[in-house]
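Colleague: got a sequence here, can you build the structure:
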Amino acid sequence: PVPGAVFATGMTPLARARQRAQGVMGQLRRLLTQPGTGFDMVNAPPASAALAHALTAHRVQADTYYSGVATLVEDYSPAAVVQLAGAVRERSTELKKKASTAGEKAIIEVVALMFQSILAEDRIPPVVRVWFARLQVPVLRVALAEPEFFSNVAHPARQLIDRMGACVMGFDATTINGSALEAEIRRVVQVIEQYPETGRRVFQLVYDEFEKFLSKFLTEKQATSRLVSVAQQVEQKETLAIQYTIELRTMLRDMPVRDEIREFLFKTWAEVLALSAVRDGAQHADTVALKRTAADLVWAASAKPNRSDRAQVIQNLPGLLQRLRQGLALMGISGAAQDAQIKVLTDTLADAFLSKTATIPQAHIDAMAKRLANLEDFIGDAALGDMPLNADNIEMMLGIDASSIHVVADNGAPVEEAMVAWARELQLGTWFTLDHNGASAQVQYAWQSQRKQLHLFAATDGSSYLIQLRRLAAYLQSGLLVAQDEEGLTLRATRDALAKLDANPERLLD
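Modeller: Numbers count the residues shown, from 1 in each chain. Modelled structure (predicted):
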């Protein structure tokens with residue numbers, strides 16, 4: 001897509017896809033409710049006795065029936081899929097003979113054509129298409145019982161097939177055969193086949209289970225798992241740093257605190273507190289001590305007109321400087337860089353020591369220390385659009401070579417808020433084509449952080465792309481990240497079925 005072209009119609013690709021989906025579903029509804037078909041889209045009558053008996057018999061015989069077909073070609077090759085497609089068509093013809101109404105025949109034909117399209121989708125590995133074929137009769141059962149299947153793209157039966165299809169599109173036969181993903185799809189299909197009730201319940205049940213499986217499967221590789229753990233910590237740390245900075249600004253708003261101290265607390269010490277909180281816990285003794293250090297520094301840097309206060313500063317100074325150095329070391333600031341930071345602070349403290357300016361009442365310092373100690377109780381969600389993300393930090397926290405990890409941080413590129421919203425809605429497991437730094441890669445969306453600020457895409461060659469939210473939106477907006485299947489398996493199958501029925505309407509009721 002041409003950069004910016006997504007807004008030529010004033011809609012995001014997501015909105016356009018939904019609009020197209022509604023158009024296809026509307027066309028299908030009109031087909032099924034035409035006078036010659038007479039299908040009731042509101043209150044579906046129960047299936048006629050002969051058809052209901054045939055569907056029940058199929059459920060009982062499913063394992064035997066399909067295993068006989070599948071074992072014709074044991075490796076689930078394309079030849080097996082062709083054989084299976086023929087078997088699916090034969091089964092539809094048999095079921096049509098059992099149907100007693102035009103509406104039943106129409107539904108059987110539409111579902112058969114949909115599965116014909118799904119089985120012809122060569123981007124799905126053959127082994128998965130073999131399992132998808134077994135869903136034809138369970139889907140037919142739910143379509144007969146719930147007309148909503150033909151009008152709602154969010155029906156759980158459609159959602160399940162779409163999700164499973166989207167998750168396998170980037171795999172070839174060698175990578176998926178015998179994998180945990182194939183085993184889960186097999187389990188899902190067998191649960192549906194043997195479920196005694198007709199209706200959406202089983203589809204919703206296994207859809208939810210499949211989503212849970214995906215969340216683990218996509219990040220189970222050791223390298224990916226480690227990266228996810230670190231990325232989550234990075235987001236937590238940056239979130240806390242922003243929130244701590246906001247709180248510190250609020251606390252110091254009306255206090256006579258020198259600019260050098262303000263800048264140090266806002267830009268450096270907030271990061272120290274956040275890193276300690278993520279690493280050790282917000283109420284860990286070390287974190288609590290570092291919070292107290294902030295209050296002690298503010299007090300030490302205020303004017304000291306009376307002798308007792310000056311004596312206390314002199315007495316406490318070695319301990320204060322030691323805690324400041326410990327905090328800076330936590331951030332990786334050491335050597336000359338640490339000495340330079342400490343010198344700015346000690347110079348400011350020395351100047352304050354002799355100053356005659358306004359003092360900060362001890363009550364204010366105590367209140368600040370108390371609020372700092374329980375800071376997490378007060379902070380709210382900060383605006384995280386400008387959250388920094390640094391590749392070096394990722395590598396440092398990983399403790400491993402990060403050469404295969406591409407960190408793509410926000411860069412201030414203009415992006416529409418609608419695209420940001422779309423980026424937040426991407427579904428895990430979906431495959432994309434990513435164009436990054438002139439190189440194209442097939443990647444699977446593997447993980448999103450808790451606040452959806454960080455997003456991980458994994459390529460089959462082992463490389464990973466950790467992309468920040470607004471940069472992800474910019475890639476979507478400019479066409480640098482494109483879903484391999486924007487339409488969805490069942491919607492495309494519906495559209496294919498309608499095209500065949502437009503060309504050959506007689507087959508609907510034959």
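Colleague: assumed residue 465 was part of a helix.
Modeller: No - per DSSP: H, G, I helix; E, B strand; the rest coil, residue 465 lies outside any helix segment and is strand.
Colleague: now it, which residues is it bridged with?
Modeller: residue 406, residue 457 (DSSP bridges).
Colleague: which non-adjacent residue is nearest the residue nearest the centre of the chain?
Modeller: Nearest residue to the geometric centre of the chain (Cα atoms, centre = their mean): residue 448, 4.2 Å. Spatial nearest neighbour of residue 448, excluding adjacent residues (Cβ to Cβ, 6 or more residues apart in numbering): residue 455 at 5.2 Å. Yep, even glycine has a C-beta here, placed from its N, CA and C like the rest.
Colleague: now do residue 50
Modeller: residue 98 (4.3 Å).
Colleague: now do the contacts for that neighbour.
Modeller: 48, 50, 51, 53, 54 (Cβ atoms under 8 Å, 6 or more residues apart in numbering).
Colleague: thought the second one was touching residue 100?
Modeller: Yes - between residue 50 and residue 100 there is a contact at 6.7 Å, judged by Cβ atoms under 8 Å.
Colleague: ok, and residue 305, which helix or strand is that part of?
Modeller: Element membership of residue 305, judged by DSSP states H and E, is empty: it is in no helix or strand.
Colleague: so it makes contact with residue 359?
Modeller: Yes - with contact defined as Cβ under 8 Å, residue 305 and residue 359 form a contacting pair (6.5 Å).
Colleague: could you point out which element follows the host helix or strand of residue 315?
Modeller: Element membership of residue 315 [criterion: DSSP H and E] is helix 307-330. The first helix or strand that comes after helix 307-330 along the chain, using DSSP H and E, is helix 335-353.
Colleague: now the following helix or strand past that next one: buried residues?
Modeller: Tracing the chain past helix 335-353, the next element assigned as helix or strand by DSSP H and E is helix 362-373. Neighbour counts over helix 362-373 (16 or more other Cβ atoms under 10 Å) mark 364, 365, 368, 369, 371, 372, 373 as buried.
Colleague: what average pLDDT does helix 362-373 get?
Modeller: If you average the pLDDT over helix 362-373, you get 77.
Colleague: what does it rub up against?
Modeller: Against helix 362-373 from outside (Cβ under 8 Å, 6+ apart): 247, 251, 255, 288, 291, 292, 294, 295, 296, 298, 299, 378.
Colleague: and if we set it to 6 Å?
Modeller: For helix 362-373, the external contacting residues (Cβ atoms under 6 Å, 6 or more residues apart in numbering) are 251, 291, 292, 294, 295, 299.
Colleague: with neighbour count, pLDDT and secondary structure added, can I get the residues you listed in TSV?
Modeller: Below are the contacts of helix 362-373 laid out as TSV (neighbours: other Cβ atoms under 10 Å; pLDDT from 0 to 100; DSSP: H, G, I helix; E, B strand; the rest coil):
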residue	neighbour count	pLDDT	secondary structure
251	21	81	helix
291	25	89	helix
292	16	90	helix
294	27	90	helix
295	20	88	helix
299	25	84	helix
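Colleague: how about these in JSON lines, adding distance to residue 475?
Modeller: Below are those laid out as JSON lines (distance: Cβ to Cβ, whole Å):
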{"residue": "251", "distance to residue 475": "39"}
{"residue": "291", "distance to residue 475": "39"}
{"residue": "292", "distance to residue 475": "44"}
{"residue": "294", "distance to residue 475": "39"}
{"residue": "295", "distance to residue 475": "44"}
{"residue": "299", "distance to residue 475": "48"}
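Colleague: quick one: which of those residues is nearest to residue 225?
Modeller: Set against residue 225, the nearest of the contacts of helix 362-373 by Cβ to Cβ is residue 291 (31.6 Å).
Colleague: so how far is residue 250 from the closest residue to the closest one other than its chain neighbours?
Modeller: Distances taken as Cβ to Cβ, 6+ apart put residue 372 closest to residue 291, at 4.1 Å, once the chain neighbours are dropped. Counting by Cβ to Cβ, to the nearest Å, the separation of residue 372 from residue 250 is 12 Å.
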